[in-house]
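1. just need the structure, nothing else, for what follows:
(one chain, ligands or ions: 1)
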Amino acid sequence: MNIGIDKIGCYTPHLFVDMKQLAVARDVDPGKFITGIGQEKMALAPITQDTVTLAANAALEILDEDDKEKIDLVIVGTESGIDQSKSAATYVHRLIGLKPQARTFEIKQACYGATAGIQMAKGHVALHPDRKALVIGSDIARYGLNTSGEVTQGAGAVAMLISQNPRLLAFEEHNAYATDDIMDFWRPTYSENAFVDGKFSNEQYISFFNKVWEQYKEKTQLGLADYEAICFHMPYTKMGLKALRTILDEGAEADRERLLANYEISKTYNKNIGNIYTASLYLSLLSLLENKTDLQAGARIGMYSYGSGAIGEFFSCVLQPNYRNYLYQAHHAEMFAARKEVSVTKYEEIFQEKLPTDGAAVSLNIDEDPAAIVVAGIKDHKRQYVNKTK
Ligand code: HMG
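-> Presented below is the predicted three-dimensional model:
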C-alpha cells in the first residue's frame, strides 16, 4: 500500500524583520547574516499568535469536508508548546472543526517532533487504510535579543495530511535513525529562550547526518544518483548545505550539480521565515515542491530530520503523478506578499511582549492580526482562541 503526504500547507505570521537591518543594528557585516548564515528575513510572531494558532492556521487552508470526516489522528510536534499538560493538538482539533472520534496529542523531541508524528501516522494509516492523519510541526524559535542564535529565529507551522494513495509523495519502506544523549541545544522549563552550544550543534547535526546516511545506504543500496533532491532540517539555510557537501564526492558531476541546484530551491521559504524547528524540514520540502516546476513523477526525495538532544533520521519519498495540481502555491504566495516589515526597534518591543503569567486576565487587540485563528487573551488561566472565519 502506498502511504504518504496527500496535502501540505504552511503558515507564517504577517510580520518579519529584514536581516540586513538586524545586522546593521547588531553591528555585524550583513554578508554574515545573508551569505554566511543564509537568512534574509525572520518571521516574527505577534502576541496574538502562539504554537496553537500557527498550527491551526497552517491546517485550516488544506482540509476539505471529506478530510475532516476521515481524520482520526491529530499530532502536533512542537518544542515551544503553551502548556505542560494539555496538548496543542487538542486545541487545534476544535479550532479547525474536526470530528470527536479522534486521537489527539503533542510530541516533543526538539526539531524531530513532526518526523516522529509522520512515522506514527504512517503506521496508523497502514493499520486503518480508510483513515487519514493530520500531522503538524509548529514552533516559535527564540534565542534572545543580541545572541548569536538571534539571526536564526523564526515562527511558523507546516501541516500535512497523511493518507493512503497520497497525491503528493509516497513514503518509501526504509528509515535510518540514531540517538545519542548530548547537550547541543535545550530549553529548560524555566526559560523562554533556548540554550545552545552553537559550534557543537553544527558538528552534531553533520555527524548524525553522516551516520544515518551510511545506515540508509546499507539498508537500501541507494546512492546519490538515485536522488533528485535531498531536503534537510534547516535551522538556518547554510546548515543543510554544509551537511550535503560532506557526501557530494560520492556522486558524479551531474549528481553534484543537480543536488546543489535543488538545495538552493529547497531553501526558498526557509531563508524568508527562519528556523521553525519541527516544521523546518517540511518547509524545505514545500519550498522544493512549489518552486521547482519541472520535477517529474517518480523522482525520489531524500529527507534528513535532526532534533537536538539528539536524534537524526533519514528517509525518502517518491513524487506522485500530477502532484502540482494539489499544491497551495498561490495561497502561500499571497501570504508571503501580504507580510509587513517591522523595524528592529519594533521587533525588540514585540519580542519582549508577554502574556501575563500571574493569573491576571488580558484582552488583546486581534484586529491588527490578519490571521484567521488568533489568541484573543487570557481569562481564568485559559488562553482564549478565536477562529474569525466562524
Ligand atoms: P556565529 O558564531 O555567530 O557565526 O554562530 P560564525 O562565526 O560561525 O559565522 C557563521 C558563518 O558566517 C561562517 O561561515 C562565517 O565564515 C560566515 P561557515 O564557516 O559556517 O561556512 N561569515 C561571513 N560570510 C560572509 N560575509 C561575512 C561573514 N562573516 C562571517 N562578512 C551559529 C553561528 C549558527 C552557530 C549561531 O547562529 C547559532 O548558535 N545558531 C543556533 C544553533 C543552530 O542553529 N545550530 C544548528 C545545528 S543544531 C539544529 O539544527 C537543531 C535546532 O534546530 C534545534 C532543535 O533541534 O530543536 C537548532
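2. and the gap between Gly198 and the ligand?
-> Using C-beta to the nearest ligand atom, to the nearest Å, one obtains 3 Å as the distance from Gly198 to the ligand. For glycine as for every other residue, the C-beta is placed from the backbone atoms N, C-alpha and C.
3. contact partners for that residue?
-> Ser148, Gly149 (C-beta atoms under 8 Å, 6 or more residues apart in numbering).
4. any chance of the backbone angles for it?
-> phi -50, psi -50 (degrees, to the nearest 10).
5. next one: it, what pLDDT does it get?
-> The model reports Gly198 with a pLDDT of 97.
6. tell me how far it lies from Ser148.
-> 6 Å (C-beta to C-beta, to the nearest Å).
7. and Thr389, by the same measure?
-> Distance from Thr389 to Ser148, by C-beta to C-beta: 40 Å.
8. in this structure, what residue is nearest the ligand?
-> Gly36 (2.0 Å; C-beta to the nearest ligand atom).
9. quick check: the nearest residue to that residue once chain neighbours are set aside vs Val151, distance?
-> Nearest non-adjacent residue to Gly36, counting by C-beta to C-beta, 6 or more residues apart in numbering: Lys238, 6.8 Å away. Distance, Lys238 to Val151, using C-beta to C-beta: 11 Å.
10. more neighbours: which of the two?
-> The neighbour count for Lys238 versus Val151, taken as other C-beta atoms under 10 Å, is higher for Val151 (24 against 17).
11. so the more buried one touches Gln39, yeah?
-> Yes. Here Val151 lies in contact with Gln39, judged by C-beta atoms under 8 Å, at a distance of 5.7 Å.
12. can you verify the residue nearest to Gly36 is assigned to a strand?
-> No. Looking at Lys238 with DSSP: H, G, I helix; E, B strand; the rest coil, it is helix, so not inside a strand.
13. surely it meets Lys32?
-> No. Contact between Lys238 and Lys32 fails when scored by C-beta under 8 Å: they sit 10.5 Å apart.
14. quick one: the helices in the stretch 201-350 of the chain, in order.
-> With DSSP state H, counting those that start in this stretch as the criterion, the stretch 201-350 of the chain has helices at 237-245, 253-266, 270-273, 280-291, 329-337, 344-352.
15. give the full set of residues in contact with the closest residue to Gly154 other than its chain neighbours.
-> Nearest residue to Gly154 in three dimensions, chain neighbours excluded: Gly274, at 2.3 Å (C-beta to C-beta, 6+ apart). Counting by C-beta under 8 Å, 6+ apart, Gly274 makes contact with Gln39, Lys41, Met42, Ala43, Ala141, Thr152, Gln153, Gly154, Ala155, Tyr236.
16. adding mean pLDDT, write the helices of the stretch 201-350 of the chain out as TSV.
-> Converted to TSV, the helices of the stretch 201-350 of the chain look like this (pLDDT from 0 to 100):
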stretch	mean pLDDT
helix 237-245	98
helix 253-266	98
helix 270-273	98
helix 280-291	98
helix 329-337	98
helix 344-352	98
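17. dump those helices to JSON lines, plus distance to Gly113.
-> Written out in JSON lines, the entries for those read as follows (distance: least, C-beta to C-beta, whole Å):
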{"stretch": "helix 237-245", "distance to Gly113": "18"}
{"stretch": "helix 253-266", "distance to Gly113": "20"}
{"stretch": "helix 270-273", "distance to Gly113": "17"}
{"stretch": "helix 280-291", "distance to Gly113": "11"}
{"stretch": "helix 329-337", "distance to Gly113": "22"}
{"stretch": "helix 344-352", "distance to Gly113": "23"}
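18. quick revisit: out of Thr389 and Ser148, which sits in the more crowded spot?
-> Using other C-beta under 10 Å as the criterion, Thr389 and Ser148 rank with Ser148 on top: 14 against 10.
19. before we move on, the earlier item: so can I have JSON lines of the helices of the stretch 201-350 of the chain showing distance to the ligand?
-> Listed next are these as JSON lines, based on distance: least, C-beta to the nearest ligand atom, whole Å:
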{"stretch": "helix 237-245", "distance to the ligand": "5"}
{"stretch": "helix 253-266", "distance to the ligand": "14"}
{"stretch": "helix 270-273", "distance to the ligand": "11"}
{"stretch": "helix 280-291", "distance to the ligand": "7"}
{"stretch": "helix 329-337", "distance to the ligand": "22"}
{"stretch": "helix 344-352", "distance to the ligand": "16"}
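20. so what's the residue positioned nearest the centre of the chain up against?
-> Taking C-alpha atoms, centre = their mean, the centroid of the chain lies closest to Ala279, which sits 1.1 Å from it. Residues near Ala279 by C-beta under 8 Å, 6+ apart: Cys10, Ala58, Gly77, Ala114, Ile136, Gly137, Ser138, Asp139, Gly156, Ala157, Val158.
21. ok, Ala360 to Asp83 distance?
-> Taking C-beta to C-beta, one finds Ala360 at 18 Å from Asp83.
22. ok, now Gln39?
-> Distance, Gln39 to Asp83, using C-beta to C-beta: 30 Å.
23. go on, Arg324?
-> 38 Å.
24. any stretches of the stretch 51-200 of the chain with poor pLDDT?
-> In the predicted model, the stretch 51-200 of the chain carries no residue with pLDDT under 70.
25. and the furthest pair within the contacts of Ala279?
-> Spatially, the most separated pair among the contacts of Ala279 is Cys10 and Gly77, at 14.1 Å (C-beta to C-beta).
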